[in-house]
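> Just need the structure, nothing else, for what follows:
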Amino acid sequence: MLTMTSQSIGDSDVTSPRPQYKSRSPYTTCSSQFLLTTQKILEFSEGRQPKPTDRIVYVDGAFDLFHPGHLDFLERARQHGDFLIVGVHPDHVVSWYKGYGYPIMNLHERVLSVLACKYVDEVVIGAPYTVTGDMLSQLRVHTVCRGLAAVLPDQDGRDPYLEPKKQGRFKLVDSGNSTTTEKIVDRIVFHRLEFERRNHEKENKELKLIELLQSETTYNGNTVDSNNSHMKNNGNAALCRNLLKHSNGSLRTS
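Numbering: from 1, shown residues only. Reported below is the predicted structural model:
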C-alpha cells in the first residue's frame, strides 16, 4: 500500500499489459508472499456448523482492505438470517471488475480478514462471480444479500444475481456506511503525494543552505564570498548553520 500512486491505482484498463522485468528483487516487490494453511484458517474460524433450522444468508464480494463499510454491511446482512456465509471472489475476478491494480490484498489475506469478523460464520474461498442455482442448493441458502453499489453484468452479459432474484431470495442491504476501498486508496495516494511534495520542498531549502555554506570561506575573522569576493560578516555563515541545525534535526528527508 505504501507504494501506491495515481498511476498504479487508477482508471487504467485491466487489460493493459504490465511492465516486464528480467528479474525482480524479493525485497522490493509488492506482491504478497503470504501462505495460507488449514491451521491458519482454523485459528480464524469458529468452526460452527449451521443447524437444520437456521436461515442461511449468503453474500459475496472482494472485501479488499477490510474496512468499517464491510463490517456494517455484514452486520446488516446477518440480521436477515441465523448463519452468514461470505463468498470471497478470487484475485483474477476482482481484477476483472475493479480494474488494474486490484485487489490490494490477495485472496488468502482477504479470506482471513473476513473470517475474523464476528458476524461471519463461514467463507467460500474463491467464490464464483455469478450465484447459481447449484450454489443455492448446495449451501442451503435462504437469502442472498447485496449492497447498494452498482453491479456489473457477468462476462456473458447476464445479471450475476438473476437466479436468486427469480427464486425470490434476493435482498438489497443498505450498510449505512459510505466507506469504500476506493476511497481508502484515494486517501493513501493523496497523502503519499503530499508527503513527497513536502519533503521535496524541505530538501530544496536544505540544499540551498548547504550551497551557501560551501561557497563561503573565512579569512581573518571575516567571511569572504568566493563567487563575488565581497566581504561579509560572519553572521551570515552562523545564520545558515543555525537554520540547518533547526531543519528537523538533520538533512534527511525522512
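> which parts of stretch 54-67 are buried?
Buried positions in stretch 54-67, judged by neighbour count with 16 or more other Cβ atoms under 10 Å: 56-67. No exception for glycine: its C-beta is placed from N, CA and C like everyone else's.
> for the chain, which spans come out with low pLDDT?
In the predicted model of the chain, residues 1-34, 216-254 satisfy pLDDT under 70.
> Max pairwise distance over the buried residues of stretch 54-67: which two?
For the buried residues of stretch 54-67, the farthest-apart pair by Cβ to Cβ is Ile56 and Leu65; their separation is 26.8 Å.
> Start and end of stretch 101-116, how far apart?
25 Å (Cα to Cα, to the nearest Å).
> How far off centre is it?
What separates the centre of stretch 101-116 from the centre of its chain is 10 Å, taken as Cα atoms, centre = their mean, to the nearest Å.
> neighbours of Gln79, just the number please.
Summarising burial for Gln79: neighbours were counted as other Cβ atoms under 10 Å, giving 11.
> swap that for Thr143, sorry
Burial of Thr143, expressed as a neighbour count using other Cβ under 10 Å, amounts to 18.
> Tell me, how many residues neighbour Leu115?
Burial of Leu115 is recorded as 21 neighbouring residues (other Cβ under 10 Å).
> In this structure it contacts Val123, no?
Yes. Between Leu115 and Val123 a contact is recorded at 5.5 Å, counting by Cβ atoms under 8 Å.
> Need the overlap of contacts for the two.
Ser45 (Cβ atoms under 8 Å, 6 or more residues apart in numbering).
> Please identify which of the buried residues of stretch 54-67 is nearest to Glu201.
Leu65 (30.2 Å).
> Number of residues surrounding the closest residue to the closest one other than its chain neighbours?
Beyond its immediate neighbours in the sequence, the residue positioned closest to Leu65 (Cβ to Cβ, 6 or more residues apart in numbering) is Thr181, lying 5.0 Å away. Here the count is done by other Cβ under 10 Å, and Thr181 has 22 residues near it.
> closest to His89 among the buried residues of stretch 54-67?
The shortest gap between His89 and any of the buried residues of stretch 54-67 belongs to Ala62, at 5.5 Å (Cβ to Cβ).
> Now do the contacts for the closest one.
Contacts of Ala62 by Cβ under 8 Å, 6+ apart are 88-89, 94, 98, 102-103, 110, 181.
> Okay, and which of the buried residues of stretch 54-67 map to strands?
Assignment to strands by DSSP state E places the following of the buried residues of stretch 54-67 there: 56-61.
> Just send those back as a markdown table, with distance to Leu213 too.
As requested, these are arranged in a markdown table below (distance: Cβ to Cβ, whole Å):
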| residue | distance to Leu213 |
| --- | --- |
| Ile56 | 73 |
| Val57 | 69 |
| Tyr58 | 68 |
| Val59 | 63 |
| Asp60 | 62 |
| Gly61 | 58 |
